[in-house]
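Enquirer: just the structure for this:
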Amino acid sequence: MQRSDKSIIGSEVFLRREDFYKNLIRKLNSEKDKIKLGGGKKAIDNQKAKGKLTARERINKLVDDEKSFFELSTFAAYGMYEEYGGAPSSGTIYGIGKINGKPYVIVANDATVKAGAWFPITVKKNLRAQEIALENRIPMIYLVDSSGVFLPMQDEIFPDKEHFGRIFRNNAILSAEGIPQIAAIMGPCVAGGAYLPIMSDEALIVEGEGSVFLAGSHLVKAAIGEVIDNEKLGGAKVQSNLSGVTDYVMKNDDECILKIRSLTDKFGDQTKAGFNRIASKPPLFSPKEIYGLLPEDPIKPYDMYDIINRIVDDSVIDEYKAGYGKTIITCYARIDGWAVGIVANQRSIVKTEAGEMQVGGVIYSDSADKAARFIMNCNQKKIPLLFLQDVTGFMVGSRAEHGGIIKDGAKMVNAVANSVVPKITIIIGNSFGAGNYAMCGKAYDPRFIFAYPNSKISVMGGSQASSVLLDIKLKQAEKEGKIFSEAEKKKLLTEVVNSYEDASGCLYAAARLWVDEIIDPALTREYISMALEVTNNSPVTQKFNVGVIQT
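Expert: Sure, this is the predicted structure:
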């Protein structure tokens, strides 16, 4: 068992930090509550007046219980599209939920938000949902209720590789890979959007509310002069009994959901990856103590061992190369019984065997070398990897350069990029510069990537970046003949700092899907266990190979 700093528990510093973090979580939960109202109470009432359930009600009835659904990308589009009145959660809800004891990716259009229209981030969110299903080989359920593309932004949604059409391409790929997809048409399903449910393996449609067609009645009249209503054009009975496009006619939302549960109850078991799991044991220390261990200012140091002790089973780890490369911790452990290999940035200032002091959160040559070797070991042993990010970057300066920091950094990045076992990343504090890459940021294909509420993602820290940005602004102004007073410089610096900090925050990242979800630190184990259970559905078939690595 690793050490744990008992002296800080209950201290004034601990209590201050705990209050700070609990307040952050209260604010986040308050924003979530607003998001969950979708288009607002009036829009919800209108949907219910039609005899329809809301998107979240549909999901809650579909899954085994509310606790078995992990919503992802809740903050998608947060603070975006304000000129159009906003798009809470991008008008689409998705996550991992258990149905009859098995995990599924569930996607539901929220018709209270612009009639379920697709914004650019909505497309990105749906593509991410399909990516999770494809990588982890778990079935998908689509609860469709959408008016289609949000036309004012069609140029950012329709034509490019990662735009709307990619969703239907992914429908085809998932089906070809033998990953089941069931779609329930619970509202309008128009134009290109009609392909999503019909390219699924089976489609249900709700009578009186569900409809599917390439062109609605208004467009049909404009195009060919035919006068017809939507129900006769592409309603439930027409598309099931006449055209044969859909497979099951349902009387209402409740019957539709029960039918999906009945259909999925008969799915056979798929081949598992076979990751090692035994009976779960709780940590010796409460996960809620993480609140008081993390500093309010993410630049300040803390002991990452204390965080690990509150995440892993029995607070026990098998540390690899404990005395070498101390600014990265590498260890084997269990989380909810699952075997994992942990790669974590150590935020404390550490002393090497040679008596040198190393700054916490910085990756040095020896740390990068150790991490690369450990990642290779985990791939050899078929152990999933967990990255705990709190990194300010690689060490710089003549000594680091002469010692080969670029070579050792490249070795670590190469190992992360070529890893074939699942990677799960949690951004605990900072995620700056190339450290983001080496510690398996979004560009390195983590199966899931989560963030703590006080985390930051940017190319460099706020103080350094703000200084550079201010200098650029001042030089540009000087070229234009403008001279700033000291008071004006100070004001400008404050504006630059605030703008940079806002764009570095986890909410900004979550809005753009750079992370899958902002999570409560006390629930870290639950999210990791869910992620590991999902990844266990996809066998590791590739062999771990590395590219050009200088040893």
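Enquirer: contacts only, for N46.
Expert: When contacts are counted by CB atoms under 8 Å, 6 or more residues apart in numbering, N46 touches T112. In this view, the C-beta of every residue, glycine as well, is placed from N, C-alpha and C.
Enquirer: which helix or which strand is home to it?
Expert: Counting by DSSP states H and E, the secondary-structure element that holds N46 is helix 41-49.
Enquirer: give the next helix or strand downstream of that helix.
Expert: Sequence order places helix 55-62 as the next helix or strand after helix 41-49, per DSSP H and E.
Enquirer: and that next one, what's buried?
Expert: The neighbour-count check on helix 55-62 (16 or more other CB atoms under 10 Å) flags 55-59, 62 as buried.
Enquirer: okay, D19: pLDDT?
Expert: Predicted confidence (pLDDT) for D19: 97.
Enquirer: who touches the helix or strand hosting it?
Expert: Secondary structure from DSSP H and E places D19 in helix 12-35. Contacts made with helix 12-35 from outside it, assessed by CB under 8 Å, 6+ apart, are listed as 8, 74-75, 78, 88-89, 290-296, 453-454, 507, 518, 520-521.
Enquirer: what subset of those is buried?
Expert: Those of those that meet the buried threshold are 8, 74-75, 78, 88-89, 290-295, 453-454, 507, 518, 520-521, by 16+ other CB under 10 Å.
Enquirer: in helices, which of those appear?
Expert: Using DSSP state H, the members of the buried ones among the contacts of helix 12-35 that fall within helices are 290-293, 507.
Enquirer: residue ranges with poor pLDDT in the chain?
Expert: Applying pLDDT under 70 to the chain flags the ranges 1-6, 192, 402, 461-470, 496, 500, 547-551.
Enquirer: so S431: helix, strand or coil?
Expert: In terms of secondary structure, S431 is strand; the call rests on DSSP: H, G, I helix; E, B strand; the rest coil.
Enquirer: ok, it - contacts?
Expert: 389-391, 439, 441, 455-458.
Enquirer: returning to that earlier point: tell me the one of the ones in helices among the buried ones among the contacts of helix 12-35 nearest K221?
Expert: Comparing these against K221 with CB to CB places L507 closest, at 44.8 Å.
Enquirer: residues in contact with that closest one?
Expert: 31, 75, 78-79, 518.
Enquirer: how much space between it and G429?
Expert: The gap separating L507 from G429 is 15 Å, by CB to CB, to the nearest Å.
Enquirer: how about N498?
Expert: Separation of N498 from G429 (CB to CB): 20 Å.
Enquirer: more neighbours, those two?
Expert: G429 (27 against 12; other CB atoms under 10 Å).
Enquirer: now do the same contact list for that one.
Expert: Counting by CB under 8 Å, 6+ apart, G429 touches 294, 298, 347, 361, 389-390, 452, 454-456.
Enquirer: same thing but 6 Å
Expert: When the contact criterion is CB atoms under 6 Å, 6 or more residues apart in numbering, the partners of G429 are 298, 390, 455.
Enquirer: same check, this time on V113
Expert: Taking CB under 6 Å, 6+ apart, we find V113 in contact with 38-39, 87-88, 91.
Enquirer: cutoff 8 Å now
Expert: If you count contacts by CB under 8 Å, 6+ apart, V113 has them with 38-39, 43, 87-89, 91.
Enquirer: next, count neighbours for the residue nearest to it when sequence neighbours are not counted.
Expert: Nearest non-adjacent residue to V113, counting by CB to CB, 6 or more residues apart in numbering: G91, 3.8 Å away. The burial count assigned to G91 is 30, neighbours taken as other CB under 10 Å.
Enquirer: go on, D265?
Expert: In terms of burial, D265 registers 11 neighbours under the definition other CB under 10 Å.
Enquirer: count of residues packed around the nearest residue to it once chain neighbours are set aside?
Expert: Spatial nearest neighbour of D265, excluding adjacent residues (CB to CB, 6+ apart): N100 at 4.7 Å. Burial of N100, expressed as a neighbour count using other CB under 10 Å, amounts to 14.
Enquirer: could you do the one 5 residues further on as well?
Expert: Neighbour count of V105, defined by other CB under 10 Å: 26.
Enquirer: quick one: classify it as helix, strand or coil.
Expert: Using three-state DSSP, the secondary structure recorded for V105 is strand.
Enquirer: I426 now?
Expert: Using three-state DSSP as the criterion, the local structure at I426 reads strand.
Enquirer: contact partners for the residue lying closest to it once chain neighbours are set aside?
Expert: Nearest residue to I426 in three dimensions, chain neighbours excluded: F450, at 4.9 Å (CB to CB, 6+ apart). Contact partners of F450, counting by CB under 8 Å, 6+ apart, are 424-427, 515-519, 527.
Enquirer: next one: K370
Expert: If a contact means CB under 8 Å, 6+ apart, then K370 has 320-321, 324-325, 328, 330 as its contacts.
Enquirer: narrow the residues you listed to just the buried residues.
Expert: Among the contacts of K370, the ones that count as buried by 16+ other CB under 10 Å are 320-321, 325, 328, 330.
Enquirer: any chance of those in a markdown table, plus secondary structure and distance to P188?
Expert: Formatted as a markdown table, the entries for the buried ones among the contacts of K370 read as follows, by DSSP: H, G, I helix; E, B strand; the rest coil; distance: CB to CB, whole Å:
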| residue | secondary structure | distance to P188 |
| --- | --- | --- |
| Y320 | coil | 55 |
| K321 | coil | 59 |
| G325 | coil | 57 |
| I328 | strand | 52 |
| T330 | strand | 52 |
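Enquirer: will you turn these into CSV that also has distance to G404?
Expert: Shown next, in CSV, are the buried ones among the contacts of K370 (distance: CB to CB, whole Å):
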residue, distance to G404
Y320, 21
K321, 18
G325, 14
I328, 16
T330, 20
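Enquirer: which of those sits closest to P180?
Expert: Nearest to P180 among the buried ones among the contacts of K370: T330, at 38.1 Å, using CB to CB.
Enquirer: I'd say the closest one and A372 touch.
Expert: No: under the criterion of CB atoms under 8 Å, T330 is not in contact with A372, lying 9.9 Å apart.
Enquirer: re earlier: which among the contacts of V113 gets closest to N536?
Expert: Taking CB to CB as the measure, N536 sits nearest to S89 out of those, at 28.0 Å.
Enquirer: how about that closest one, what does it touch?
Expert: Shown in contact with S89 (CB under 8 Å, 6+ apart): 35-36, 38, 73-77, 110, 113.
Enquirer: do V421 as well
Expert: With contacts defined as CB under 8 Å, 6+ apart, V421 is in contact with 378-379, 382-385, 540, 544.
Enquirer: please repeat the previous calculation with a cut-off of 6 Å.
Expert: Shown in contact with V421 (CB under 6 Å, 6+ apart): 378-379, 384.
Enquirer: now these as TSV including neighbour count, secondary structure and distance to K473?
Expert: Supplementary listing: the contacts of V421 in TSV, determined by neighbours: other CB atoms under 10 Å; DSSP: H, G, I helix; E, B strand; the rest coil; distance: CB to CB, whole Å:
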residue	neighbour count	secondary structure	distance to K473
C378	25	helix	46
N379	22	helix	46
P384	25	coil	45
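Enquirer: neighbours around T535, how many?
Expert: Under the neighbour criterion other CB under 10 Å, T535 is assigned a count of 24.
Enquirer: also K482?
Expert: By other CB under 10 Å, the residues close to K482 number 10.
Enquirer: ok, now D314?
Expert: For D314, the neighbour count with other CB under 10 Å is 14.
Enquirer: and it, what does it touch?
Expert: Going by CB under 6 Å, 6+ apart, D314 touches K281.
Enquirer: excluding chain neighbours, what is closest to G441?
Expert: With sequence-adjacent residues excluded and distances taken as CB to CB, 6+ apart, G441 is closest to S431, at 6.3 Å.
Enquirer: right, I'll call it a day here.
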